[in-house]
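Dropping the sequence and predicted coords here.
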Protein chains: 2
Amino acid sequence: MFDREEHMEEYLEKIGELLRSKQYAQLRDLLLPMEPADIAAILEEGPQEQMPLLYRLLPKELAAEVFVELESDSQELLINGFSNTELKEVLDELYLDDAADIVEEMPANVVIRILDKATPEMRKSINEILKYPEDSAGSIMTMEFLSLKKDMTVADAFKRIRRIGGDMETINILYVTDPRRKLLGVLSVRDLLLADEDDLIEDIMDPNVVAASTIDDKEDVAQAMSKYDYLAMPVVDQENRLVGIVTVDDAMDVMEEEATEDIEKMAAITPTDKPYLKTSVFDTFRARIPWLLLLMVSATFTGLIITSFEASLAVVPVLTAYIPMLMDTGGNCGSQASVTVIRALSLDEVDFSDMLQVIWKEIRVAVLCGVVLAAANFGKMMLIDRMLLGNTALSPVVAGVVCATLVCAVAVAKFVGCTLPLLAKKIGLDPAVMASPFITTIVDALSLLIYFQFATHILGL
Amino acid sequence: MFDREEHMEEYLEKIGELLRSKQYAQLRDLLLPMEPADIAAILEEGPQEQMPLLYRLLPKELAAEVFVELESDSQELLINGFSNTELKEVLDELYLDDAADIVEEMPANVVIRILDKATPEMRKSINEILKYPEDSAGSIMTMEFLSLKKDMTVADAFKRIRRIGGDMETINILYVTDPRRKLLGVLSVRDLLLADEDDLIEDIMDPNVVAASTIDDKEDVAQAMSKYDYLAMPVVDQENRLVGIVTVDDAMDVMEEEATEDIEKMAAITPTDKPYLKTSVFDTFRARIPWLLLLMVSATFTGLIITSFEASLAVVPVLTAYIPMLMDTGGNCGSQASVTVIRALSLDEVDFSDMLQVIWKEIRVAVLCGVVLAAANFGKMMLIDRMLLGNTALSPVVAGVVCATLVCAVAVAKFVGCTLPLLAKKIGLDPAVMASPFITTIVDALSLLIYFQFATHILGL
């Protein structure tokens, strides 16, 4: 696949040259064939002062498409340079959901200017979209969808599409509503094309429509669209009236965002909206430090456990050397279980009612893993640490203590790792937060307790 | 949103009842309005022996749609019960890409039976799709797309859609090819509907098409489709001939799969295709144990470092208590950096050429984090550990050693965390493997080395 990003440097150089020699026609010819997302990338990678100039070279419709693809700081920069007429031109070309997204990101003075230049109708719709909670289906839907009446003929429907279809975000999927805007059915443009001219819409529509409510979580909507292979999902209000649709391109963005958020949370990072290199150092710091502090303080317990066994460790100092291995292995086992369960939860593959099944499975996996790890470790301790490295303090009994701890630590880690995310989900917390770092901290403490118990009793310390 | 999964129990009970009383017509009425994915879920959740019976109640076309949504073990079970005529009926209704997916998962004897019952044309296409490498665009494309010629009129195009559009996977996006099948342009069915009947296709098509090659990575294709908001991506062969298309529903599945794979790799798990509860205990064990073993062995180095400082630890035993905290904090800082960079890499937000920028950013974040953590830790050690818990062995100098180590460990962790994924990508390894567990192991060893160096020099051990 041709990837413009790989050729970014060349493009930027060429554009700089054309700009310097004022060859605007050629510049326009260079940009026109590109996808809006690529033009946006070029505008943002190049020097900031050339952005407005390049942007003004684009024809109106393309300009609006590029505008949507820009980061919000670039959008703000452009808007601040726009004349009122220019701003109005861009706004007229935008889809409502995109306009609402932009308004949401802008500072107040820019918002006032935008709302002032928008048509009253657009202003109303933007306000309506912004009213919905941040992560709801309502916040990502568009109101520009095409609806049909059930007593229309196919020919009527085509007339309607030809008349207003150009302003709609999609015409691939069409919804049928009654006079009170209640959702009656769905059909695709293909159904229309394959039907006879005088067929009635109600005879060819599919009356079984899965619809989302405006307050549904946008992640659930995206998940459902992926599951059902939908190109659009109708969104209804509390009275079951069709108020908007979510299109598949927005659903893909939601899925990508949500996966990123889950991954960030699993690594103990507060999710941020912006791409990595666009986030300021301070914002990155702020997203990371609370978790680091919290986890550092929790590690105190591990420290306390060690302190209370300091005397025993002084008697058999070789025990200290295996603390990191036990902690790491426990932590890794715990993350494996927790991350698997967290992902299964967010893909809707398991829920709280599967808890016993999940635990039973993890316990069996843990026994297999624990036994293999302990055996490998016993061999390694005897052959390498004792014989090869000559650590004679390492008796088979000490190795036995380490390996018995390993088996128990793995079992505890898998158990904690698989139950905590399920419990978190149950009580309404985000399961992703129960990933590696938390599990590791808990498992560390438990592994050490087991270790010192075994050591105390078996070695008689 | 109405979620059938939440009502699964009720459905299963009702279905069981209707089956026992042989009320097949009612059973059919219950299933028919559902989405194929939901019917598949019901078939799989219910008792296995009722699956073929329920499946046979479905009308032909819906049956094929449900078949595609089933897990491969259920598909195999059904195929084994099918008569030859039934098998042929299902195959006739399947889209080529779905048929190829199914064939790929079946054991040899089932494959032979399927290929035997498929039309020669289908057999040829399936073979062709299966020839492409597993993660390529070729392996997920469908050959059932609708192509137009540039000298057709809009009316001709509609005739063609009405004639063969019913067998195509989508007609929303149409491709224009020359007599040698070279890709000339693209248009949407909306463009057709808004054009005049006698407009020529070449006048309304968009000649700027981004196309994927059959051997492109399917993840890159899905990413590009998301970036450009495409409903379909054309796939061309080495000679630039259009051989297939990837539709957005498949792209969404790829994105979901790839996010799951990345997450699994980040938690040191070998990715598996199957949903969590469908994977056998042994398969789960197999996916996890190699990494656990590898990481356990790597933790040996950390053990060795401790062993070589055993004498010093015996002199100032209080140092031991802070080992877990230093290791954990280092590990957490490292994961934060690595996971952020890995995700940015897979979303194409950064690449190797941004390395210096990434390092510079992480270093600054590390300084901020390190200083805050060290200050908090110093306070905590002095106020809680020393004054409150009365650990007098903990002098301000010892606390200083711990905190100085913390600052350095954070810096090292962030540096290692952000560089390793970039280096991995550069040399063609999967960056996701360079996540938490690996980084943790490396950072653990480095943190301990720093700790003991500081301890040796500052405390004069």
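Yep, it's here.

what about stretch A:237-253 and chain B, any contact?
Yes - residues of stretch A:237-253 are located near chain B by C-beta under 8 Å from any C-beta of the partner chain, namely A:248-249, A:251-253. Where C-beta positions appear, they are placed from N, C-alpha and C, glycine not excepted.

Check which residues of the longest helix along chain A are buried.
What stands out as the longest helix in chain A, according to DSSP state H, is helix A:396-426. Using 16 or more other C-beta atoms under 10 Å in any protein chain shown as the test for burial, helix A:396-426 gives A:398-422, A:424-425.

Need the three-state assignment for the residue lying closest to A:Pro207 once chain neighbours are set aside.
Leaving aside its sequence neighbours, A:Pro207 sits nearest to A:Gly185 (C-beta to C-beta, 6 or more residues apart in numbering or on different chains; 4.5 Å). Judged by DSSP: H, G, I helix; E, B strand; the rest coil, the three-state class of A:Gly185 is strand.

try A:Met8
Here A:Met8 is helix, with the state taken from three-state DSSP.

That one is in contact with A:Ile42, isn't it?
Yes - A:Met8 lies in contact with A:Ile42 (C-beta atoms under 8 Å); the separation is 7.1 Å.

So what touches stretch A:396-412?
A:316, A:318-319, A:322, A:326, A:329-330, A:333, A:363, A:366-367, A:369-371, A:373-375, A:377-378, A:381-382, A:386, A:443, A:446-447, A:450-451, A:454-455, A:458-459 (C-beta atoms under 8 Å, 6 or more residues apart in numbering or on different chains).

For A:Gly46, grab the count of nearby residues.
Using other C-beta atoms under 10 Å in any protein chain shown, A:Gly46 has 19 other residues around it.

Quick check, it in contact with A:Leu54.
Yes - A:Gly46 lies in contact with A:Leu54 (C-beta under 8 Å); the separation is 7.3 Å.

Overlap of the contact sets of the two?
Jointly contacting A:Gly46 and A:Leu54 under the rule C-beta under 8 Å, 6+ apart are A:Ile15.

now the strands for the stretch 101-250 of chain A?
A:147-148, A:173-177, A:183-188, A:212-213, A:232-236, A:242-247 (DSSP state E, counting those that start in this stretch).

With adjacent residues omitted, what lies nearest to A:Gly138?
A:Tyr132 (3.0 Å).

Give me the neighbour count for that neighbour.
Residues within reach of A:Tyr132, counting by other C-beta under 10 Å, total 20.

That one: what's it in contact with?
Counting by C-beta under 8 Å, 6+ apart, A:Tyr132 has contacts A:138-139, A:214-215.

6 Å instead?
By C-beta atoms under 6 Å, 6 or more residues apart in numbering or on different chains, A:Tyr132 lies in contact with A:138-139, A:214.

Mind checking which of those residues land in helices?
Using DSSP H, those in helices are A:138-139.

Out of the contacts of A:Tyr132, which comes closest to A:Gln75?
The shortest approach to A:Gln75 among the contacts of A:Tyr132 belongs to A:Ser139, at 18.2 Å (C-beta to C-beta).

Look up the pLDDT of the closest one for me, please.
pLDDT, A:Ser139: 88.

Give me the nearest residue to it, chain neighbours excluded.
Nearest non-adjacent residue to A:Ser139 (C-beta to C-beta, 6+ apart): A:Tyr132, at 4.4 Å.

Quick one: the helices in the stretch 351-461 of chain A, in order.
Here the stretch 351-461 of chain A has its helices, by DSSP state H, counting those that start in this stretch, at A:355-380, A:396-426, A:436-458.

Which one, of those, ends up nearest to B:Val68?
Using C-beta to C-beta, those put helix A:355-380 closest to B:Val68, at 26.2 Å.

How many residues are close by A:Glu61?
Using other C-beta under 10 Å, the number of residues around A:Glu61 comes to 12.

dump the residue contacts of it.
A:Glu93.

what helix or strand is it on?
Using DSSP states H and E, A:Glu61 sits in helix A:60-69.

Following the chain past that helix, name the next helix or strand.
Following helix A:60-69 in sequence, per DSSP H and E, is helix A:72-81.

Could you list the buried residues of that following helix?
Going by neighbour count (16+ other C-beta under 10 Å), the buried part of helix A:72-81 is A:72, A:74-79.

any idea how far A:Ala118 lies from A:Ser83?
Using C-beta to C-beta, to the nearest Å, A:Ala118 is found at 16 Å from A:Ser83.

Neighbour count for those two, which is higher?
Neighbour count, other C-beta under 10 Å: between A:Ala118 and A:Ser83, A:Ala118 has more, with 21 against 8.

Near A:Leu184, how many other residues are there?
The number of residues packed near A:Leu184 is 18, by other C-beta under 10 Å.

domain parsing for chain A?
Listed domain ranges for chain A are A:4-135, A:147-265, A:276-458 (source: automatic domain parsing).

can you redo these as a markdown table with mean pLDDT?
Shown next, in a markdown table, are the domains of chain A (pLDDT from 0 to 100):
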| stretch | mean pLDDT |
| --- | --- |
| domain A:4-135 | 86 |
| domain A:147-265 | 91 |
| domain A:276-458 | 87 |
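
B:Gln26 is nearest to which of those domains?
Using C-beta to C-beta, the nearest of these to B:Gln26 is domain A:147-265, at 16.7 Å.

Figure out the length between the terminal residues of that closest one.
Chord length of domain A:147-265, first to last residue, is 40 Å (C-alpha to C-alpha, to the nearest Å).

Ok, stretch A:44-53 next?
13 Å.

and if you look at stretch A:383-392?
Start-to-end span of stretch A:383-392 (C-alpha to C-alpha) is 11 Å.

So is it next to chain B?
No - judged by C-beta under 6 Å from any C-beta of the partner chain, stretch A:383-392 stays clear of chain B, getting no closer than 7.1 Å.

residues making contact with that stretch?
A:Leu394.

chain center to it, what's the gap?
In terms of C-alpha atoms, centre = their mean, to the nearest Å, the centre of stretch A:383-392 is found 48 Å from the chain centre.

do stretch A:23-34 as well
For stretch A:23-34, the distance to the chain centre is 35 Å (C-alpha atoms, centre = their mean).

repeat for stretch A:70-89
The answer for stretch A:70-89 is 28 Å, by C-alpha atoms, centre = their mean.

From the opening residue of that stretch to its closing one, how far?
First-to-last residue span, stretch A:70-89, C-alpha to C-alpha: 17 Å.

Once you drop chain neighbours, what's closest to the closest residue to chain B within the stretch 51-200 of chain A?
The minimum distance from the stretch 51-200 of chain A to chain B, using C-beta to the nearest C-beta, falls at A:Asn172 (4.5 Å). Spatially, and ignoring its direct neighbours in sequence, A:Asn172 is nearest to B:Asn172 (4.5 Å; C-beta to C-beta, 6+ apart).
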